[in-house]
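Novice: Build me a structure from this.
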Amino acid sequence: MKNFRRAVRDSLHHWPAIVMATLCSMGIATLWSANIGALFPVIEMTLKGDSIQDWLKDSISKDEAELARLTSELKIVEAEYAARLAQNQSELPAIIDKQIIQANKALAEQQRSTAWKNWFLGLTNNYLPHDPFQTICCIMGILIVSTLIKHLMMLANDLLIGHVSTSIVRSLRLKIFEKSLALDRQSFQKYGTSGLLASLTFSIEALSIGLMNFFGAAIREPLRIVACLIGASFICWRLLVLSLILAPFLIFVVTYFNRRIRAAASSILGKNAGFHEVILEALVNITTVQAYTMEKHEQHRFERCTQGMRRASMKMILYTGLSKPFTELIGVGMIAITVCAGAYLIVNQATHILFIKISNEPMTLSGLLVFFGLLIGASDPLRKLSGVFTSIYMGGIAADSLYPLLDDSSVLSEPSQRIAIPRPHRQLELSNVSFHYNPKQPVLKNINLIVPFGGTIAIIGSNGSGKSTLIQLLGRFYDPVEGQILLDQIDYRQASVSDIRQRIALVSQTTELFNRSVMENIRYGSPESTEEEAIEAAKLAHAHEFITNSLADGYSTVVGQAGQRLSGGQRQRIALARAILRKPEILILDESTSQVDMASELQIRATLQTMKGQFTTIIITHREALIALADEVFEIQNGNLSQVSMHRNGAA
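Specialist: Coordinates of the predicted model:
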């Protein structure tokens, strides 16, 4: 629960709302107990037919008689004390001292009780009718109004806690989304898209519910219990202690089932990431799923995943369901003990049970009924606390999955003092660059390469030779294990990540488009550009013709999820237009025309030829049309980079 406490501390920024919500909870608890206590005068007046003023006067008369008796006893004890003192007795019996102390204490308590009743009598004389029936009606009216106020306080409490909870959850969502976008590739692969999606949805929702219950019901319900127990203690605190004899068993049962519920909650959150993974894989790769008729297979995977979640959920339902009857059974046992003890006191007009003093005087029926009502009033919030603890445990487990993600430091460290690189740079250099994902399987070995600004190079090699890894290093998605990548003799690691990436435009074989309009996709990465500039870039990428002639809404056409409404060649040309519009210092083309027809590829080559010298171009391709643009051609074999003669390449 350490991370849940962090979420609670983060919530304390909204302390005014939390304080107001707590005050509302205190008001709710007070009114809850007071409404039950209001039954006492109603029962008294109904049984005896006296008004509340008559009842108070009768009670005050009894108190005054008791005061007179206590005063007389005190005088007798003091007289005996004075007589012994006058006889110059060196040692006074300790029992006399004790009697004087007890008598003074009893007298003080009785005086306070009488004073309170006199004050309350004056209040009732001024504000309550003297007729018993009218008084009952008045009390019921006050009860209705107080119930309305209580529910208004509950509404205010829910709104205030909801404000705190949704605010902290929104803040966490923003932080996690920001963190997800900033993750280096290694960390991103560790969490996975499905894991991040689960964090942004299910985990945060669980944390939100946990926080709402922590600041809401977890404060409000115990206060209601305490208010009822305090009210019961005023009636007979010793009987209250007797009724709580089963409380240790209750604590044991709650603790036992909460541990089981917490384990089930942890299992649900763990399986939720797998649930999202199955959904994403099936829906993102829907073309492959349908082309290979694997719908049933994916459906079975989804069924197995949901079956696992169902089992974990059923465990939670089982333990939650079992905790309620056990809790209620112990609660009923506590009330049963009270009923038996109270009935014994009333039937026998006794003040002791088995030589144990329970009350100073025999209890009244009305007092005992209100005492029962207060205990029942305490049992209702006690029953609700089981569900409250469950949601808090769920929130704690969710926090344990969220905060480590926020605390995870990036493998790509930002320098404490960043060095500014001139724009445009003059030279890109790779010096003894080596890289591996697994130390036993090197991918790149001692790569050395110098590319002057405006130069064009082509890199060829078989699949898996390390070409794409080299691109990942150039875009600083990874850092070399050994060696350096430099711009104007300044190591990538001495500059900020954003400074490096703002200089680069990448067009990859797996073109990534957003479910937005063609215009928005072209301007993505260059939001300050105008529509006219975007159209010009589309013309240079030879995308303008199909956009205006083939798409129903032209540049306003929404391309669909991942550009599914476009062909592969159309997507690549839009991605190329996006790269050209960015006006990069380094343009990286990674099999960027692999899905473009030959005629369009020749047109794109002609465009790139006219733009040579405006930026550094790095081409990874097997297409001779683009290789012909290169000033130099390099080949990667077994992780080693070597230059290839243009004649040899052309012959190939």
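Novice: next SSE after the helix or strand hosting I346?
Specialist: Element membership for I346 (DSSP states H and E) is helix 295-347. Sequence-wise, the next helix or strand downstream of helix 295-347 (DSSP H and E) is strand 352-353.
Novice: Can you list the helices and strands that that next one packs against?
Specialist: Secondary-structure packing of strand 352-353 (3 or more CB pairs under 8 Å, 6 or more residues apart in numbering; DSSP states H and E): helix 295-347. Using the backbone N, CA and C atoms, a C-beta is placed for each residue, glycine as well.
Novice: Could you give the separation of the helix it packs on from the chain centroid?
Specialist: With CA atoms, centre = their mean, to the nearest Å as the basis, helix 295-347 stands 25 Å off its chain's centre.
Novice: what does stretch 264-279 give?
Specialist: 16 Å.
Novice: one step back: what mean pLDDT does the helix holding I346 have?
Specialist: Across helix 295-347, pLDDT averages out at 81.
Novice: so the spatially closest residue to V169 that is not a sequence neighbour is in which element?
Specialist: Counting by CB to CB, 6 or more residues apart in numbering, S208 is the residue found nearest to V169 once chain neighbours are left out, at 4.3 Å. Using DSSP H and E, S208 sits in helix 204-215.
Novice: For the helix or strand just after that helix, enumerate the helices and strands it packs against.
Specialist: Note on helix 204-215: by DSSP H and E, the next helix or strand toward the C-terminus is helix 217-243. For helix 217-243, the packing partners by 3+ CB pairs under 8 Å, 6+ apart come out as helix 15-37, helix 295-347, helix 365-407.
Novice: Can I get these in TSV including mean neighbour count and distance to F234?
Specialist: Formatted as TSV, the helices and strands packed on helix 217-243 follow (neighbours: other CB atoms under 10 Å; distance: least, CB to CB, whole Å):
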stretch	mean neighbour count	distance to F234
helix 15-37	19	8
helix 295-347	15	15
helix 365-407	21	9
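Novice: Now render the ones you listed as a markdown table, adding distance to I176.
Specialist: Converted to a markdown table, these look like this (distance: least, CB to CB, whole Å):
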| stretch | distance to I176 |
| --- | --- |
| helix 15-37 | 23 |
| helix 295-347 | 22 |
| helix 365-407 | 6 |
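Novice: closest to S203 out of those?
Specialist: helix 365-407 (4.2 Å; CB to CB).
Novice: pLDDT of the closest one, averaged?
Specialist: 82.
Novice: and it with helix 217-243, angle?
Specialist: Inter-element angle recorded for helix 365-407 and helix 217-243: 140 degrees (by axes from the mean of the first three to the mean of the last three CA atoms, to 10 degrees).
Novice: Past helix 365-407, which element shows up next along the chain?
Specialist: Following helix 365-407 in sequence order, the next helix or strand is strand 427-438 (DSSP H and E).
Novice: quick one: F453 and F355, what's the gap?
Specialist: 101 Å (CB to CB, to the nearest Å).
Novice: Likewise for D58?
Specialist: For D58, the distance to F355 equals 31 Å [CB to CB].
Novice: And those two? Which one has more around it.
Specialist: Between D58 and F355, D58 has the larger neighbour count (other CB atoms under 10 Å), namely 12 against 5.
Novice: what does stretch 221-236 contact?
Specialist: Applying CB atoms under 8 Å, 6 or more residues apart in numbering, the contact partners of stretch 221-236 are 25-26, 28-30, 32-34, 36-37, 239-240, 358-359, 363, 367, 370-371, 374-375, 377-378, 380-382, 384-385, 388.
Novice: which other helices and strands contact the helix holding I346?
Specialist: Contacts defined by 3+ CB pairs under 8 Å, 6+ apart place helix 295-347 against helix 217-243, helix 247-284, strand 352-353, helix 365-407.
Novice: now the third one, how far from the chain's geometric center?
Specialist: Strand 352-353 has its C-alpha centroid displaced from the chain centroid by 52 Å (CA atoms, centre = their mean).
Novice: Equivalent analysis for the last one, please.
Specialist: Per CA atoms, centre = their mean, the displacement of helix 365-407 from the mean C-alpha position of its chain is 19 Å.
Novice: what's the angle from that helix to helix 247-284?
Specialist: On the basis of the same axes, to 10 degrees, helix 365-407 is oriented at 40 degrees to helix 247-284.
Novice: Repeat that for the first one.
Specialist: When the same axes, to 10 degrees is applied, the directions of helix 217-243 and helix 247-284 differ by 160 degrees.
Novice: From K105, how far out is the residue nearest to G274 when sequence neighbours are not counted?
Specialist: Distances taken as CB to CB, 6+ apart place C305 nearest to G274, at 5.6 Å, with adjacent residues excluded. In this view, C305 and K105 are 70 Å apart by CB to CB.
Novice: Report the contact partners of the residue nearest the centre of the chain.
Specialist: Ranked by distance to the mean C-alpha position of the chain (CA atoms, centre = their mean), the top residue is L207 at 2.7 Å. If you count contacts by CB under 8 Å, 6+ apart, L207 has them with 4, 7, 169, 172, 395, 398-399, 402.
Novice: cutoff 6 Å now
Specialist: When contacts are counted by CB atoms under 6 Å, 6 or more residues apart in numbering, L207 is found next to 395, 398-399.
Novice: State the distance from D491 to F435.
Specialist: The gap separating D491 from F435 is 15 Å, by CB to CB.
Novice: Give me the more crowded residue out of these two.
Specialist: Applying other CB under 10 Å to D491 and F435 shows that F435 carries more neighbours, namely 21 against 17.
Novice: The more buried one against V443, yeah?
Specialist: Yes. Assessed by CB atoms under 6 Å, F435 is found in contact with V443 at 5.3 Å.
Novice: List the buried residues in the host helix or strand of L74.
Specialist: Using DSSP H and E, L74 sits in helix 52-86. Going by neighbour count (16 or more other CB atoms under 10 Å), the buried part of helix 52-86 is 52-53, 55-56, 59-60, 63, 66-67, 70, 74, 77, 81.
Novice: related to what we said a few turns ago, between the helices and strands packed on helix 217-243, which gets nearest to G613?
Specialist: helix 365-407 (44.5 Å).
Novice: Which secondary structure elements does that closest one sit against?
Specialist: Packing partners of helix 365-407 (3 or more CB pairs under 6 Å, 6 or more residues apart in numbering; DSSP states H and E): helix 2-11, helix 15-37, helix 39-48, helix 204-215, helix 217-243, helix 247-284, helix 295-347.
Novice: Give me the angle between that helix and helix 204-215.
Specialist: Interaxial angle of helix 365-407 relative to helix 204-215 (the same axes, to 10 degrees): 140 degrees.
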